[in-house]
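Asks: Quick one: sequence and predicted model below, then my questions.
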Amino acid sequence: ELKVEQNPLFLSMQEGKNYTIYCNYSTTSDRLYWYRQDPGKSLESLFVLLSNGAVKQEGRLMASLDTKARLSTLHITAAVHDLSATYFCAVDNSGNTPLVFGKGTRLSVIA
Amino acid sequence: NAGVTQTPKFRVLKTGQSMTLLCAQDMNHEYMYWYRQDPGMGLRLIHYSVGEGTTAKGEVPDGYNVSRLKKQNFLLGLESAAPSQTSVYFCASRGGQGWNSPLHFGNGTRLTVT
């Protein structure tokens, strides 16, 4: 059974600082997804990582995938308040099977 | 382009009542999913469908039924609501290549069972 673990689950960081969110998963997969959710809103796709070593960047966020370590990271550079949200990673087990989500990391960026 | 539309947005039920949540997508997606989101639990899969006329159980299917009679619609039914079903329900769909595509989510239905 595929399990996906994120850490930390809660993160309070100062504006301008850097930090990394980690996503570990339990079985072999080379497809990983990151989503953002604002309070009371739906989930928005951020990154799709489809192979070992994949790296995607959008603004102050950069995601990477290491399939051998079964690990993805979401790195935040010089955080700003607008990045405050909950971030989820999700992993494909294989083929057409549904995504399995981590529990999410609630990020709060404070001045 | 509406994407994924869920109705209703909010609903309050009494224990034992029934209701149906409707999900409609206009992207011609094959795959559709129902998740529930509870505080501290992330998203948990209830049921899903890999095409018109097909359904399958997810992680937490008990107390729910689904139907996919038309490709664009995926219905989630609660036959006899229980307080444990108080949650936010999200419908999602996924494109033709499935495994290389992210999920597209609806805006959610907030359900309270008293």
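Replies: That came through fine.

Asks: in the chain, which spans are strands?
Replies: Defaulting to chain A. For chain A, strands defined by DSSP state E occupy the ranges A:4-7, A:10-14, A:19-25, A:32-37, A:43-49, A:55-58, A:61-66, A:71-76, A:85-92, A:99-101, A:105-110.

Asks: let's do chain B instead
Replies: Assigned by DSSP E, the strands in chain B fall at B:4-7, B:10-13, B:19-25, B:31-38, B:42-49, B:56-57, B:64-67, B:73-78, B:87-94, B:104-105, B:109-113.

Asks: what residues does chain A put near chain B?
Replies: Proximity of chain A to chain B is confined to A:9, A:31, A:33, A:35, A:41-45, A:48, A:50, A:88, A:90, A:92, A:94-96, A:98-104 under the rule Cβ under 8 Å from any Cβ of the partner chain. Heads up, the C-betas are built off the backbone N, CA and C, glycines and all.

Asks: Now the buried members of the residues you listed.
Replies: A:31, A:33, A:35, A:42-43, A:48, A:88, A:90, A:92, A:98-104 (16 or more other Cβ atoms under 10 Å in any protein chain shown).

Asks: Go through these and say which is closest to B:L103.
Replies: A:L99 (6.3 Å; Cβ to Cβ).

Asks: May I have the predicted confidence score for the nearest residue to that closest one once chain neighbours are set aside?
Replies: Closest residue to A:L99 apart from its sequence neighbours, by Cβ to Cβ, 6 or more residues apart in numbering or on different chains: A:A90 at 4.1 Å. pLDDT recorded at A:A90 is 95.

Asks: hey, least reliable of the strands of chain A by pLDDT?
Replies: In terms of average pLDDT, strand A:99-101 trails the rest of the strands of chain A, at a mean of 91.

Asks: chain center to it, what's the gap?
Replies: Relative to the centre of its chain, strand A:99-101 is centred 12 Å away, using Cα atoms, centre = their mean, to the nearest Å.

Asks: Give me every residue in chain B lying close to chain A.
Replies: For chain B, the contact set with chain A under Cβ under 8 Å from any Cβ comprises B:31, B:33, B:35, B:40-45, B:48, B:50, B:58, B:90, B:92, B:98-108.
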